[in-house]
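Participant: Structure of the sequence below:
(2 chains)
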Amino acid sequence: SQKIEQNSEALNIQEGKTATLTCNYTNYSPAYLQWYRQDPGRGPVFLLLIRENEKEKRKERLKVTFDTTLKQSLFHITASQPADSATYLCALVGGSQGNLIFGKGTKLSVKP
Amino acid sequence: DGGITQSPKYLFRKEGQNVTLSCEQNLNHDAMYWYRQDPGQGLRLIYYSQIVNDFQKGDIAEGYSVSREKKESFPLTVTSAQKNPTAFYLCASSPDRGQGYDGYTFGSGTRLTVV
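Facilitator: Below you'll find the predicted structure:
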C-alpha cells in the first residue's frame, strides 16, 4: 500500500542545534516533494519544494534533501530558534486524483 | 494582500443540522481543495476542484458537498449524514491544478464542533 511517514511524532532540541526531520514514502514515485510548517490552530504554510532531480535545496536556515533511491527526504533547520517550534509536514503528489498527500507531521520544540 | 479567507473560525453545529463553511481566494488560482485534520492524523482530502463548475470527490467525501460557481469561492457543506463532523477544516488553493510543482496556499481553518 502507499504510505508517507514522518518517523517522529515529536522532536525536542536545544536552541542553536540543527533539527533534522525525516519523511519516508512507500509505493510512490513523486516528481516533487514539499515541506510545510503548521502552527497550532493555523493552516499549513508552504516552505520548500524539491524536485526528483535535485539532491538538495536550501532557503536561509532550511535545507531539504531528496533521495529517490531511499525514498526519503530530510528537512534540516540549522541554528534552530524557539520561534522554529511548530509542526512540520511533508507532502507529495500521489493521490488517486493527483492531489497532495500529507504526512502526519513532526512536532518540533526548540528549548532556549 | 492575496490569500485565502475561511469563515467562520469557529462553528458549532447541533446534531442533524447542515452547516456551510466558506472559502474565498483572491489569488486567481485555478484549483481549490478541502482537507480535514483530526488530532494525530494527517490532512485528508474531502473534495477538490480544478476549474469552475467542476469538482471531484476526495478520499473522505461521504457526508459532505461542495460547489464551485465562481473561481474565487469553494464552499463546503457538512451535512447531517456526516457521522463524525467535529474536526479542523482547511481550505487550500494552488495555481497548478494539482501537479505538485507549486505549493498550496492554505486558509487559517474552521474548527467545527458538534454540540
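Participant: How about the contacts made by the residue most central in space within chain B?
Facilitator: Among the residues of chain B, B:W34 comes closest to the average C-alpha position under CA atoms, centre = their mean, at 2.7 Å. Applying CB atoms under 8 Å, 6 or more residues apart in numbering or on different chains to B:W34 gives the contacts B:23, B:45-48, B:58, B:64, B:66, B:74, B:76, B:89-92. All C-beta atoms are positioned from the backbone trio N, CA, C, and that covers glycine.
Participant: go with 7 Å
Facilitator: B:46-47, B:66, B:76, B:89, B:91 (CB atoms under 7 Å, 6 or more residues apart in numbering or on different chains).
Participant: need the residues you listed in JSON lines with neighbour count, can you?
Facilitator: Shown next, in JSON lines, are the contacts of B:W34 (neighbours: other CB atoms under 10 Å in any protein chain shown):
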{"residue": "B:I46", "neighbour count": "26"}
{"residue": "B:Y47", "neighbour count": "23"}
{"residue": "B:V66", "neighbour count": "22"}
{"residue": "B:L76", "neighbour count": "22"}
{"residue": "B:Y89", "neighbour count": "22"}
{"residue": "B:C91", "neighbour count": "28"}
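Participant: Which of those residues fall within strands?
Facilitator: Counted as lying in strands by DSSP state E, out of those, are B:46-47, B:66, B:76, B:89, B:91.
Participant: any idea which of the residues you listed is closest to chain A?
Facilitator: Nearest to chain A among the ones in strands among the contacts of B:W34: B:C91, at 8.0 Å, using CB to the nearest CB.
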